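Asks: With the input below, show me the fold.
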Amino acid sequence: MKYSLKRHFAIILISLVAGPILVCLLLNSTLLERYYTDSRINALIRAYDSINEAANTGDITSDSFDIELQKICGKYNINVLVADSDSETVKTSMSDPGYVIKHLLNNIFVGVEPDDVIRETDSYKMQIVTDGRTQTEYIEMWGVLDTGYIFMIRSALEGIRESASLSNRFLTYAGAAAVIASGLIALWLSNRITKPILELADISERMKHLDFNAKYEGSDKNEIAILGRNINELSETLEATISELKTANNELLRDIEKKEQIDEMRKEFLSNVSHELKTPIALIQGYAEGLKEGVNDDVESREFYCDVIIDEASKMNSMVKKLLTLNQLEFGNEVVNMERFDIAALVKNYIASAQILIRQKGITVRMEDYGPIYVWGDEFRVEEVFMNYFTNGINYALGEKIIDVRIRLEGQRIRVSVYNTGNPIPQDCIEHIWEKFYKVDKARTREYGGSGIGLSIVKAIMESMNQQYGVVNYDDGVEFWFTLDTA
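Replies: Residues are numbered from 1 along each chain as shown. I've put the predicted structure just below:
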């Protein structure tokens, strides 16, 4: 990602560590040696004050001052020479006092160039010189003590430069290690901080496509966790609102269509009902009159007559229930409740509930082990559609008696199909099978108690949800299908 927050965070953290280190390196390179030099000059002045005080009190030749002088020389890395007026050494920490006294007398009597002097008082002068023998640069302080002793205090500049160089090298190595460590820490912190942000971005992306399954699972109590919980609440609110909108939109579409169809549906409904009820009513009436007139007096015949009456009455009862359901759907007396549910679970549950009938009919059901597949629709009505398809498959399965149930994604819709082996539907009957009371094989339909209303109910349900449905003929069977929206 070109504008990755993780990258920006890492760069900022590394810059916060590397910046001060680079500034320190720059300051060390330009000012550290000068700082050390100034510190050494101050050390020479303190040493001078200590020697002058010891000379004034007469302690300069004492053992205690020797110890004090050694401490001063060791602490500040300086060398000291004190001589009397006869050029005799009074106190020294130098290895070649004769050479140094000669050099000191030359300074006193010959003098030095004014440009070489870095500090001067009535008692001493301070300068930077190069030793002619060793070619080593020194800070030298020389002059006369209050007691008349001549003195020289000097310190090598080479040690100052080496100390500055060592300090810069150490800071460079330590800085590089700190930058590398901060880089690793920055990567870890940026991953830790940006991970929940990226998770929220993914959730919002899925919400944009109306997928509300993703939820923020973080357990922290920081601002990101608060944002995550708010997004979870927003997701639930949006899902509920979309469900309400889809339901309202579906009802609006139905209202527009049903006003033009109501009168025609009433006429067609009354005509079909009267036609379909004529046969069972006639059978019930005929067998009831036969019983009354005693056409057959034996018990077996009477039971047969009663069984026919009960069977026909049961079929009439089933037909009336289906007609009432169909009437409610077509006239829009019931609101279609659009909700989001798992179609794979619905299909599996129905097949499990129909196992007894499946075994009785000797049917083999084939279906893949689908995971959760979420769709929008009226879950109760969709189950009724699948039940009609599956029941037809059981009643009309022939040959191998196989029912194949499939669920697959087609664009933005899920297609559910139920295929059964058997005879294909005659081509001239396909366009009529969705009509109320239409029967392709009247004898077989009557054999299992069919009324010719089931597929009409399927049609009404699918059209009430503005979805597609249909049938496909194969050489060895028939496939019924319907679709539902995924979002």
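
Asks: going forward, measure contacts and count neighbours with C-alpha atoms only.
Replies: Fine.

Asks: ok, residue 422 - how many residues close by?
Replies: 20 (other CA atoms under 10 Å).

Asks: Isn't it up against residue 395?
Replies: No. With contacts defined as CA atoms under 8 Å, residue 422 does not count as touching residue 395, sitting 10.1 Å away.

Asks: what pLDDT, on average, does the longest helix anywhere in the chain get?
Replies: When the chain is parsed with DSSP state H, its longest helix is helix 223-293. Taken as a whole, helix 223-293 has a mean pLDDT of 74.

Asks: Please name every helix or strand in contact with it.
Replies: For helix 223-293, the packing partners by 3 or more CA pairs under 8 Å, 6 or more residues apart in numbering; DSSP states H and E come out as helix 157-208, helix 299-331.

Asks: Quick check: which helices or strands does whichever strand or helix holds residue 459 pack against?
Replies: Here residue 459, judged by DSSP states H and E, is contained in helix 454-464. Other elements packing on helix 454-464 under the criterion 3+ CA pairs under 8 Å, 6+ apart are helix 299-331, helix 379-396.

Asks: Identify whichever of these lies nearest to residue 208.
Replies: helix 379-396 (24.2 Å; CA to CA).

Asks: Just the residues contacting the closest one, thanks.
Replies: By CA atoms under 8 Å, 6 or more residues apart in numbering, the residues outside helix 379-396 that reach it are 338-339, 341, 346-347, 350, 358, 361, 363, 403, 418-420, 422-423, 448, 454-455, 457-458, 461, 480.

Asks: what's the closest of the helices and strands packed on helix 223-293 to residue 85?
Replies: Using CA to CA, the nearest of the helices and strands packed on helix 223-293 to residue 85 is helix 157-208, at 29.3 Å.

Asks: circling back to that earlier point, can you give me the buried ones in the helix holding residue 459?
Replies: For helix 454-464, the buried set under the neighbour-count rule, 16 or more other CA atoms under 10 Å, comprises 454, 455, 456, 457, 458, 459, 460, 461, 462, 464.

Asks: Switch those over to JSON lines; also include pLDDT and distance to residue 253.
Replies: Output for those, formatted as JSON lines (pLDDT from 0 to 100; distance: CA to CA, whole Å):
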{"residue": "454", "pLDDT": "82", "distance to residue 253": "24"}
{"residue": "455", "pLDDT": "89", "distance to residue 253": "22"}
{"residue": "456", "pLDDT": "85", "distance to residue 253": "20"}
{"residue": "457", "pLDDT": "86", "distance to residue 253": "19"}
{"residue": "458", "pLDDT": "89", "distance to residue 253": "18"}
{"residue": "459", "pLDDT": "90", "distance to residue 253": "16"}
{"residue": "460", "pLDDT": "87", "distance to residue 253": "14"}
{"residue": "461", "pLDDT": "89", "distance to residue 253": "14"}
{"residue": "462", "pLDDT": "90", "distance to residue 253": "13"}
{"residue": "464", "pLDDT": "87", "distance to residue 253": "9"}
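
Asks: which of the residues you listed lies closest to residue 254?
Replies: Distance to residue 254 across those (CA to CA) is lowest for residue 464, with 6.5 Å.

Asks: if I read this right, the closest one contacts residue 338, doesn't it?
Replies: No. Look at residue 464 against residue 338 with CA under 8 Å: they stay out of range, at 10.6 Å.

Asks: wait, doesn't residue 424 sit right on residue 480?
Replies: No. Using CA under 8 Å, residue 424 is not in contact with residue 480; the gap is 11.5 Å.

Asks: between those two, which one's more packed in?
Replies: Neighbours were counted for residue 424 and for residue 480 using other CA under 10 Å; residue 480 has more, 21 against 17.

Asks: which ones are touching the more buried one?
Replies: Residues counted as contacts of residue 480 (CA under 8 Å, 6+ apart) are 389, 417, 418, 419, 469, 470, 471, 472.

Asks: residues contacting the residue sitting nearest the centre point of the chain?
Replies: Most central in the chain under CA atoms, centre = their mean is residue 199, positioned 1.7 Å from the mean C-alpha point. For residue 199, the residues meeting the contact criterion (CA under 8 Å, 6+ apart) are residue 216.

Asks: Kindly state the pLDDT recorded for it?
Replies: So residue 199 comes in at 73 (pLDDT).

Asks: Equivalent analysis for residue 388, please.
Replies: Note for residue 388: predicted pLDDT of 91.

Asks: measure it to residue 347 for me?
Replies: For residue 388, the distance to residue 347 equals 12 Å [CA to CA, to the nearest Å].

Asks: How about residue 289?
Replies: Counting by CA to CA, the separation of residue 289 from residue 347 is 46 Å.

Asks: More neighbours: these two, which one.
Replies: Taking other CA under 10 Å, residue 289 and residue 347 do not tie; residue 347 has more neighbours (20 against 12).

Asks: Helix, strand, or coil at that one?
Replies: What DSSP: H, G, I helix; E, B strand; the rest coil gives for residue 347 is helix.

Asks: picking that back up, now for the contacts of residue 480, which sits with the most neighbours around it?
Replies: Ranked by neighbour count (other CA under 10 Å), those have residue 419 at the top, with 26 neighbours.

Asks: Please, which helix or strand holds the nearest residue to it once chain neighbours are set aside?
Replies: Leaving aside its sequence neighbours, residue 419 sits nearest to residue 479 (CA to CA, 6 or more residues apart in numbering; 4.1 Å). Using DSSP H and E, residue 479 sits in strand 477-485.

Asks: Ok, residue 126 next?
Replies: Applying DSSP H and E as the criterion places residue 126 in strand 124-130.

Asks: Just list what that strand packs against, helices and strands only.
Replies: Strand 124-130 sits against strand 117-120, strand 137-144, with contacts defined as 3+ CA pairs under 8 Å, 6+ apart.

Asks: pLDDT averaged over that strand - what is it?
Replies: Strand 124-130 carries an average pLDDT of 83.

Asks: going forward can the numbers begin at 45, since that is how I track them
Replies: Understood, numbering begins at 45; the last thing we discussed is strand 168-174.

Asks: my guess is residue 522 meets residue 469, correct?
Replies: Yes. With contact defined as CA under 8 Å, residue 522 reaches residue 469; the gap is 7.2 Å.

Asks: Have a look at the two and say which one is more surrounded.
Replies: residue 522 (21 against 18).

Asks: Residue 478: what secondary structure?
Replies: Counting by three-state DSSP, the backbone at residue 478 sits in coil.

Asks: Phi and psi next, for it.
Replies: Main-chain dihedrals, residue 478, degrees, to the nearest 10: phi -90, psi 0.

Asks: now do residue 105
Replies: Dihedral pair for residue 105: phi -100, psi 0, per degrees, to the nearest 10.

Asks: Spit out the contact partners of it.
Replies: 134, 135.

Asks: Please state the backbone phi and psi of the residue of the chain positioned farthest from its centre?
Replies: The C-alpha centroid of the chain is most remote from residue 130, which lies 90.1 Å away (CA atoms, centre = their mean). Dihedral angles of residue 130 (phi, psi; degrees, to the nearest 10) stand at phi -90, psi 10.

Asks: Fine, thanks again, bye for now.
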